[in-house]
Every structure is written in structure tokens, then in C-alpha cells.
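In: Sequence and predicted structure, then a few things I'm wondering about:
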Amino acid sequence: MEKPYDNPIYKIASKLSGEDENVLSDVCECIVNTSDYFNSHKEDYENRGINYECKNEIIQWIGMVDSLLRNGYICECDYAEELDDVLACLGDLNGVKRHSLPLEQCWFDERDEITDWCEIIDQKWNPQGMCVAAIDIDSDSYVMFPCSPDHLDALFGYANEAGFLIDQAYRM
């Protein structure tokens with residue numbers, strides 16, 4: 001049986017959630033009992049266009065993403081989302097609140113895109129040693145979270161090991 005704490009997906013969930021027991025328990029279940037987990041969350045997967053025939057790694061990756069979303073560690077915005085909605089989404093995240101990271105409407109041009117807004121946020125958050133990172137879920141959504149550059153390097157490595165991508169949001 002696979003040791004979930006050795007799995008790079010578990011390591012990502014651990015880092016992003018600050019070792020939140022709810023998230024880790026959920027992700028552990030997804031890794032250890034992938035088909036049971038899929039069946040328990042079938043509607044969530046189907047809403048993302050993922051079926052039982054997908055590889056276990058994809059089911060586990062999306063299971064991690066959905067658990068982090070439910071627990072307020074990451075947010076998901078459509079590529080065409082309005083600036084107000086993107087700022088509200090980011091502003092509600094646990095990490096943004098915990099680090100008291102500013103998000104001010106006046107920094108942005110509403111006609112720009114999410115990647116442009118994330119690049120501006122990175123510049124504004126740089127003095128606090130933070131940036132906006134994103135998890136690639138192979139869709140036109142941006143799955144974003146605040147992150148320190150040191151953590152981003154580790155997360156990039158874990159994601160790569162799992163066959164996926166985490167990087168600064170403006171690069172996605």
C-alpha cells in the first residue's frame with residue numbers, strides 16, 4: 001500500500017494547507033482509496049469533465065485541488081472573470097488573510113487579464129515576500145493561492161514529480 005505522505009500530491013496539500021488535518025485526511029483518502037474517493041465525489045469530478053476512466057494521478061490531483069478549494073487555501077477563477085470577482089476570490093483566501101496581504105482595486109486596469117493582474121499583485125506583494133501562484137488543472141480556469149518564492153520552488157518540484165505544474169500565476 002502506498003504511503004500517502006511520500007506522495008508529491010500529499011506534500012503539496014500539506015504545504016498549501018499548513019498541514020490542515022481536514023485537507024490531509026481528505027487527500028490521504030484520495031491517494032490510498034482513489035476509486036472509492038472518486039465514487040464519493042463523482043458529481044464534483046463529472047462537473048470538471050473527469051470520469052472514472054481517467055488516470056489515478058489525475059483523479060488524485062483534482063481531488064487535492066477540490067479539497068484545498070473547499071477549505072479556503074486556493075481559489076478558482078475563470079479566465080474571463082471580472083477584476084472585482086478575482087480580487088474577492090483572492091481576498092477570501094486563508095493565506096491572504098493570515099499574511100495581511102493587500103489587494104487594492106486602484107492598482108489595476110479592468111481591461112487587462114488575470115495574468116496581468118497577478119503580475120501586478122506580485123510586484124505589490126514582493127516586499128512581504130509573497131506572490132500569486134497557480135495550479136494547472138488543464139482548463140481555462142486559474143487556480144490561485146498566495147505563496148512565498150521558497151515554497152513555490154518546492155511546490156514546483158513536487159508538482160513536476162507528480163507530472164503536473166505549479167508556477168507563478170502570471171506565467172500560466
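Out: That came in fine, so what should we check first? Residues are numbered from 1 along each chain as shown.
In: Any stretches of the protein with poor pLDDT?
Out: Flagging of the chain using pLDDT under 70 yields the residue ranges 1-2.
In: Run through the helices of it in chain order.
Out: Residue ranges of the helices in the chain, as given by DSSP state H, are 8-17, 21-32, 34-40, 42-47, 56-70, 83-91, 94-98, 114-125, 149-162.
In: Work out the gap between the last one and the centre of the chain.
Out: Mean C-alpha position of helix 149-162 versus that of the full chain (CA atoms, centre = their mean, to the nearest Å) differs by 12 Å.
In: The longest one too?
Out: Helix 56-70 has its C-alpha centroid displaced from the chain centroid by 9 Å (CA atoms, centre = their mean).
In: May I see the buried residues of that helix?
Out: Judged by neighbour count using 16 or more other CB atoms under 10 Å, the buried positions of helix 56-70 are 57-69. Quick note: C-beta positions are derived from backbone N, CA and C, even for glycine.
In: Who are the packing partners of that helix?
Out: Contact partners of helix 56-70 among helices and strands, from 3 or more CB pairs under 8 Å, 6 or more residues apart in numbering; DSSP states H and E: helix 8-17, helix 21-32, helix 34-40, helix 42-47, strand 75-78, strand 141-147.
In: Show me the domain layout of this protein.
Out: Structural domains annotated on the chain: 4-73, 75-133, as defined by automatic domain parsing.
In: Among those, which comes closest to Arg171?
Out: Nearest to Arg171 among the domains of the chain is domain 75-133; the distance by CB to CB comes to 7.7 Å.
In: From the opening residue of that closest one to its closing one, how far?
Out: 11 Å (CA to CA, to the nearest Å).
In: related to what we said a few turns ago, reformat the helices and strands packed on helix 56-70 as a markdown table; add distance to Leu90.
Out: Converted to a markdown table, those look like this (distance: least, CB to CB, whole Å):
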| stretch | distance to Leu90 |
| --- | --- |
| helix 8-17 | 14 |
| helix 21-32 | 19 |
| helix 34-40 | 28 |
| helix 42-47 | 22 |
| strand 75-78 | 6 |
| strand 141-147 | 6 |
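In: Fine by me, we can end here.
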